[in-house]
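Sharing a model prediction with you, sequence too.
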Amino acid sequence: MTGGFSPNWLALREPLDIAARNRDVETAFRAQLPEGTARILDLASGAGSTVAALQPLLNAETQWQLTDYDPALLDVAAARWSGGSGVSVSTRQIDLASDLESLTFEEVDAITTSAFLDLVSEAFLDRLATQIAASGKPFLASLTYDGRTTFSPPHPLDNDLVEALNKDQKSEKGFGPALGPEAAGEAVARLQAKGLQVLSGPSDWQVGPDDRDFLEEFLGGWFRAARSRWDIDAVEPTALEDWYRLRMAQIEAGELSVMVGHVDLVAWQ
Ligand SMILES: C[S@@+](CC[C@H](N)C(=O)[O-])C[C@H]1O[C@@H](n2cnc3c(N)ncnc32)[C@H](O)[C@@H]1O
């Protein structure tokens, strides 16, 4: 299982996620839900960002079943929708890598996940696609990182660093070698191969200079991951540190914007 998903980081990214989510994909997903009360199973829920994003668009009676490995994140999610919020949320701590098949997809009306598919391996994606197809239920997978990150203003080291970061995205995240930037394309292909209809579209983060707290947190983690995979001898390590210092100074001065590419997809029978 992957560590490092702090409630603070998930809270910082939530508004960007909500703004980025692909409206056509969400509309197609909603069209697959029953008219009355819907039961939705959310995989790798973290602190409940999928509920925060979708609940305002759904029937008030929606019953959410949140699942995650991290009990502390599930506690945050449960607390967010407790005490008269009108939203029904239950939680289950689970290691999806070993216990995916213990979830009863056929007993809910839909399955969702967000910011998760890029962590998983080809083998896990196969298992997930099999479960979804067998259940006959619609599946919404939001905010899968697709390998594109661009900075404004640009810098000559940006592309090499993005390449190194994308290499890190494919390292083991608890499911075997992660698909990283290939995850969304692989998911579409596998779900279609199971005979499902699939609609996908971009859900890119557009991070502006005003999002300083997010940018500082994002760039710190992003840079550490990219540096760990850096194997280009031609560039002095000090050049990497200079890049990071410059970017942090640009954040401080309100001069940095970042676009991070994501894909949303919905599959149904
Ligand atoms: C990037 S976070 C996304 C959380 C949430 N869906 C969101 O959009 O904010 C990835 C989530 O996957 C969960 N996760 C990672 N490996 C897992 C595993 N083996 N079983 C269950 N959950 C896992 C983490 O605990 C984390 O909450």
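Good, I have the coordinates.

Verify the contact between residue 146 and residue 259 for me.
No - using Cβ atoms under 8 Å, residue 146 makes no contact with residue 259, being 11.3 Å away. For every residue, glycine as well, the C-beta is placed using N, CA and C.

pull the CA atoms of stretch 177-184 into CSV?
Written as CSV, here are the backbone C-alpha positions of stretch 177-184 (Å, rounded to 0.1, in the frame of the first residue of the first chain):
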residue,chain,number,x,y,z
PRO,A,177,4.7,-2.0,-11.0
ALA,A,178,2.4,1.0,-11.3
LEU,A,179,0.9,2.0,-14.7
GLY,A,180,1.4,5.6,-13.9
PRO,A,181,0.8,7.8,-17.0
GLU,A,182,-0.4,4.8,-19.0
ALA,A,183,-3.2,3.9,-16.5
ALA,A,184,-6.1,5.8,-18.1
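
which one of residue 146 and residue 259 has more residues nearby?
The neighbour count for residue 146 versus residue 259, taken as other Cβ atoms under 10 Å, is higher for residue 146 (21 against 13).

sec struct for that one, please.
The local conformation at residue 146, judged by DSSP: H, G, I helix; E, B strand; the rest coil, is strand.

Find the nearest non-adjacent residue to it, please.
Distances taken as Cβ to Cβ, 6 or more residues apart in numbering put residue 261 closest to residue 146, at 4.4 Å, once the chain neighbours are dropped.

check contacts around that neighbour.
Counting by Cβ atoms under 8 Å, 6 or more residues apart in numbering, residue 261 makes contact with 145, 146, 147, 148, 149, 202, 204.

Helix or strand: which one has it?
Here residue 261 sits within strand 257-268, counting by DSSP states H and E.

Sheet-wise, list the partners of that strand with their directions.
strand 139-152 (antiparallel), strand 197-202 (antiparallel), strand 205-207 (antiparallel) (DSSP bridges).

So which of those is nearest residue 191?
Minimum separation from residue 191 across the strands paired with strand 257-268 (Cβ to Cβ) falls at strand 197-202, 5.2 Å.

can you list contacts of the closest one?
Outside strand 197-202, the residues that touch it by Cβ under 8 Å, 6+ apart are 22, 24-25, 28, 184, 188, 191-192, 261-269.

Tell me the buried residues within those residues.
22, 25, 28, 184, 188, 191, 261-268 (16 or more other Cβ atoms under 10 Å).

can you tell me which of those lies nearest to the ligand?
residue 262 (10.7 Å; Cβ to the nearest ligand atom).

Confirm for me that the closest one is in contact with residue 204.
Yes - when contacts are counted by Cβ under 8 Å, residue 262 is listed as touching residue 204 (5.8 Å).

The ligand contacts on the stretch 1-150 of the chain?
Residues of the stretch 1-150 of the chain found near the ligand (Cβ under 6 Å from any ligand atom) are 1-2, 5, 10, 44-46, 49-50, 68-70, 73, 94-97, 114-116, 119.

Pull out the C-alpha coordinates of stretch 33-49 and format them as PDB.
Provided in PDB are the C-alpha atoms of stretch 33-49 (Å, rounded to 0.1, in the frame of the first residue of the first chain):
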ATOM      1  CA  LEU A  33     -27.800   6.000 -11.800                       C
ATOM      2  CA  PRO A  34     -31.200   4.900 -10.700                       C
ATOM      3  CA  GLU A  35     -33.900   7.600 -10.300                       C
ATOM      4  CA  GLY A  36     -34.300   7.100  -6.500                       C
ATOM      5  CA  THR A  37     -31.700   6.400  -3.800                       C
ATOM      6  CA  ALA A  38     -28.400   5.300  -5.300                       C
ATOM      7  CA  ARG A  39     -25.800   3.200  -3.400                       C
ATOM      8  CA  ILE A  40     -22.300   4.100  -4.600                       C
ATOM      9  CA  LEU A  41     -19.100   2.200  -3.700                       C
ATOM     10  CA  ASP A  42     -16.000   4.500  -3.800                       C
ATOM     11  CA  LEU A  43     -12.600   2.700  -4.100                       C
ATOM     12  CA  ALA A  44      -9.600   4.300  -2.400                       C
ATOM     13  CA  SER A  45     -11.700   7.100  -1.000                       C
ATOM     14  CA  GLY A  46      -9.100   8.900   1.000                       C
ATOM     15  CA  ALA A  47     -10.800  11.700   2.900                       C
ATOM     16  CA  GLY A  48     -13.900  11.500   0.700                       C
ATOM     17  CA  SER A  49     -13.200  13.800  -2.200                       C
END
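
Fine by me, we can end here.
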